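Colleague: Okay, here's the prediction I keep looking at, along with the sequence it came from:
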Amino acid sequence: MSKSIGYFTSYTVNDGSLLESLQSEYGTTFEQMTKREKLFLISALAIQLCDEAPGRCREEIYVVGHQANSSLPVADREGLIEALINQVRWGQSLSVITEVSPMK
């Protein structure tokens, strides 16, 4: 069962925020959005957050992305998105990579 927007964000009832507007328009669990619309929003938010994050991606990460998209079944790709979101929000990461190191 999905949790409401407020579980994941700072939204509180009657705060007049964009989050309140989204909940009002699309439901507390975005049940009024299609799967495609949800995936689009994930992509749009992730692109912006990536652009704002310091450092660079190693070339091998582009390869990993291609491999995951071409090799993994849909359920595993969705699970990988969930795992990565959890790590971005709550996990530890390497220090910022400013120089691209060679692949091993």
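Modeller: Nice, I can see it. Note that this is a predicted model, so its numbers are computed, not measured.

Colleague: Go through the lowest-mean-pLDDT helix or strand in the chain and flag the buried ones.
Modeller: Across the helices and strands of the chain, mean pLDDT, DSSP states H and E gives its lowest value to helix 5-8, namely a mean of 92. Buried residues in helix 5-8, counted by 16 or more other C-beta atoms under 10 Å: residue 5. Any C-beta I mention is one placed from the backbone N, CA and C, and that applies to glycine too.

Colleague: could you say what helices and strands that helix packs with?
Modeller: Where contact means 3 or more C-beta pairs under 8 Å, 6 or more residues apart in numbering; DSSP states H and E, helix 5-8 is packed against helix 18-26.

Colleague: Which helix or strand lies directly C-terminal to the helix it packs on?
Modeller: Counting by DSSP states H and E, the element after helix 18-26 in chain order, helix or strand, is helix 35-52.

Colleague: pLDDT (mean, whole number) over that following helix?
Modeller: The pLDDT scores in helix 35-52 average 97.

Colleague: tell me which residues of it are tucked away?
Modeller: Residues of helix 35-52 include none that count as buried (16+ other C-beta under 10 Å).
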